[in-house]
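>>> I need the structure of the sequence given here:
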Amino acid sequence: MDFLKQVLIITSLIILHTIPSTTSISPDAPTMILIDRICFNTVNAYYCERSIISKLDKPHAEITTITKIAAFNALYISKITSSLIRDSFLPKADNPLTKTKLRTCLATYNGIERYLEGAYRAVLNNEYSDMRRYQSYVLGMLDKCKTDFDPIVRKNWWVRLMINISLLAGRRLPAL
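Numbers count the residues shown, from 1 in each chain. The predicted structure is shown next:
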């Protein structure tokens, strides 16, 4: 990936994530029905709904907006997870087995980031079949990060949820 695209993705992640995650926006009826249809198929419909609604900037949202929000959230969470592992968890690990597991998770999340960057770029370019391909691959990669370390277990769960929201929403979008 060329340098300017990387800078653009990182800049958009920083800008988009600085938007407050709690808004007073209440989705209109068609948007809420759409969100409910998507979230009904996830593990936890409440968190699914909250994660989408908290990023809405107006009461009405199209399926493309919901897909974009979920794809962005998956990428953002994966970047946060990589940073936590690299900068906090790994330096503090005492046990060699724990260090090995954390190194494996870090390597896994480095790969996950690349695929989720590709998925997010695909969403921005309306290339939904590419987005689905990248994200489906990531779901398989997450299994490589096996740990009982609670913060990573939760991050894995959130990344899976965001990808599933994005995939479920993306099924309604045309493959180009």
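>>> can you give me the helices in this structure?
3-18, 29-39, 45-53, 63-84, 90-92, 96-124, 128-141, 150-170 (DSSP state H).
>>> helices or strands up against the fourth one?
Put plainly, it is helix 63-84. When contacts are defined as 3 or more C-beta pairs under 8 Å, 6 or more residues apart in numbering; DSSP states H and E, helix 63-84 packs onto helix 3-18, helix 29-39, helix 45-53, helix 96-124, helix 128-141, helix 150-170. Just so you know, the C-beta spots here come from the backbone N, C-alpha and C atoms, and that holds for glycine as well.
>>> picking that back up, possible to save the helices of the chain as TSV with mean neighbour count and mean pLDDT?
Shown next, in TSV, are the helices of the chain (neighbours: other C-beta atoms under 10 Å; pLDDT from 0 to 100):
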stretch	mean neighbour count	mean pLDDT
helix 3-18	12	48
helix 29-39	17	83
helix 45-53	18	81
helix 63-84	22	90
helix 90-92	12	93
helix 96-124	19	94
helix 128-141	18	92
helix 150-170	21	86
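>>> hmm, back to that, tabulate the helices and strands packed on helix 63-84 (CSV), appending distance to Ser82.
Below are the helices and strands packed on helix 63-84 laid out as CSV (distance: least, C-beta to C-beta, whole Å):
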stretch, distance to Ser82
helix 3-18, 13
helix 29-39, 27
helix 45-53, 20
helix 96-124, 4
helix 128-141, 13
helix 150-170, 10
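>>> so for Glu62, which of the ones you listed sits nearest?
Among the helices and strands packed on helix 63-84, helix 29-39 comes nearest to Glu62, with 8.3 Å by C-beta to C-beta.
>>> and the angle for that closest one with helix 150-170?
Between the axes of helix 29-39 and helix 150-170, defined by axes from the mean of the first three to the mean of the last three C-alpha atoms, to 10 degrees, the angle is 120 degrees.
>>> what residues does helix 29-39 touch?
Contacts with helix 29-39, where a contact means C-beta atoms under 8 Å, 6 or more residues apart in numbering, come from 27, 45, 48-49, 52-53, 56, 59-61, 63, 66, 165, 168-169.
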